[in-house]
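Enquirer: missing the sequence, but the structure's below:
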Ligand SMILES: C[S@@+](CC[C@H](N)C(=O)[O-])C[C@H]1O[C@@H](n2cnc3c(N)ncnc32)[C@H](O)[C@@H]1O
């Protein structure tokens, strides 16, 4: 007996009683390419550098959510319905996050890394430091940084936080700064009291902190301009990219960080290959790296353009 049967093809692509359960492995290469093409053409989003299996599983998730058994119907829908195309993009670029995710990392940032960056700027008589959350999702990461900065209160050095993501819908959510309790689990009680206001739909970060983060749309895989920064948090983003793509991005990070600038990756992300010449590991468990003095090789950068 077959439990999961793809039933007859229908045209509207929605809500009939078909029972195909997509897993992702069942997408043919031609079907996968059709989606790749559409996202490239309409959203300038290149799936080529993402790990194939992750993407297939996420496409399957949308097919299941739309209750579509016939791939062509889904392709039709994607062509006609720009909301579904955005939803697919948001599903592919998964955006789970949390305030102070991996609290140990934030403790080190607060107690060691940020004070040191401030001291160095003071010594060099620089008035500004920029922190970049690349792949910021719904804002928990850059706002966590902004909370640390608010607490450090450096009078003579202005610290700004820039936050970027490829998904415009998640940036909209981020700008509002409203979160449910699950996302706030690691926020200390005193910070909850000082910085959040309870509302019917969750807890909103106070306006003063929201205004300290500048949210922008940006794709870290393209040759778009990278901001000049002193610290980069790029956590749980590159895990979905091929190793080749990761190396290109890390090379570009190295090219914009000054000597002693800081890079923080996700706890399950690692640095391999030539990139290790540009960074020394300072806190291995927390994946905190310092930029070395090694100049970035131009040939490595040309490939990324
Ligand atoms: C799992 S979230 C990580 C959020 C946060 N950094 C953290 O660790 O909690 C990954 C984010 O990376 C973003 N992303 C994926 N591909 C990207 C790209 N090419 N450029 C910029 N952001 C990207 C996704 O949209 C998503 O919001």
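Expert: Okay, I see it. Keep in mind that what you see is a predicted model, and the values were worked out from it rather than measured.

Enquirer: going forward, measure contacts and count neighbours with C-alpha atoms only.
Expert: Will do.

Enquirer: just the pLDDT for the residue in the stretch 151-300 of the chain that the ligand sits nearest to.
Expert: Nearest to the ligand, among the residues of the stretch 151-300 of the chain, is residue 219, at 3.5 Å (C-alpha to the nearest ligand atom). pLDDT, residue 219: 91.

Enquirer: tell me which element the residue lying closest to residue 71 once chain neighbours are set aside falls in.
Expert: Spatial nearest neighbour of residue 71, excluding adjacent residues (C-alpha to C-alpha, 6 or more residues apart in numbering): residue 31 at 7.4 Å. Assessed by DSSP states H and E, residue 31 sits inside helix 29-43.

Enquirer: which residues does residue 182 contact?
Expert: Contacts for residue 182 (C-alpha atoms under 8 Å, 6 or more residues apart in numbering) come out as residue 98.

Enquirer: please tell me how far it sits from residue 292.
Expert: Residue 182 sits 38 Å away from residue 292, going by C-alpha to C-alpha, to the nearest Å.

Enquirer: for the residue positioned nearest the centre of the chain, what are its contacts?
Expert: When C-alpha atoms, centre = their mean is applied to the chain, the residue found nearest the centroid is residue 135 (2.2 Å). Listed by C-alpha under 8 Å, 6+ apart, the contact partners of residue 135 are 163-166, 234-235, 237.

Enquirer: now do 6 Å
Expert: For residue 135, the contact set (C-alpha atoms under 6 Å, 6 or more residues apart in numbering) comprises 164-165.

Enquirer: remind me which residues of this protein are low pLDDT?
Expert: By pLDDT under 70, the weakly predicted segments of the chain are 1-20, 49, 154, 223, 298-305.

Enquirer: can you list the domain ranges for it.
Expert: Domain ranges of the chain: 1-93, 103-303, per automatic domain parsing.

Enquirer: and the shortest one, anywhere near the ligand?
Expert: Yes: when contact is scored as C-alpha under 6 Å from any ligand atom, part of domain 1-93 falls within range of the ligand: residue 93.

Enquirer: ok, residue 261 - contacts?
Expert: With contact taken as C-alpha under 6 Å, 6+ apart, residue 261 is in contact with 230-231, 290-291.

Enquirer: how far away is it from residue 98?
Expert: Distance, residue 261 to residue 98, by C-alpha to C-alpha: 25 Å.

Enquirer: and for residue 277?
Expert: Noted for residue 277: a distance of 31 Å to residue 98, by C-alpha to C-alpha.

Enquirer: between those two, which is the more surrounded one?
Expert: residue 98 (21 against 15; other C-alpha atoms under 10 Å).

Enquirer: now do the SS call for that one.
Expert: Put simply, residue 98 is coil when judged by DSSP: H, G, I helix; E, B strand; the rest coil.

Enquirer: one step back: list the buried ones in the helix holding residue 31?
Expert: Of all the residues in helix 29-43, those buried under the rule 16 or more other C-alpha atoms under 10 Å are 32, 35, 37-39.

Enquirer: likewise stretch 171-185?
Expert: Buried-residue list, stretch 171-185, by 16+ other C-alpha under 10 Å: 171, 174, 177-179, 183-184.

Enquirer: which of these lies closest to residue 191?
Expert: Nearest to residue 191 out of the buried residues of stretch 171-185 is residue 184 (C-alpha to C-alpha; 10.3 Å).

Enquirer: which residue is the nearest non-sequential neighbour of the closest one?
Expert: In space, residue 184 is closest to residue 99, 5.6 Å off (C-alpha to C-alpha, 6+ apart).

Enquirer: over to residue 98?
Expert: In space, and not counting its chain neighbours, residue 98 is closest to residue 183: 4.6 Å by C-alpha to C-alpha, 6+ apart.

Enquirer: ok, the one you found touching residue 97?
Expert: No: contact between residue 183 and residue 97 fails when scored by C-alpha atoms under 6 Å: they sit 7.1 Å apart.

Enquirer: can you give me the strands in the stretch 51-200 of the chain?
Expert: 128-134, 158-165, 178-179, 196-199 (DSSP state E, counting those that start in this stretch).
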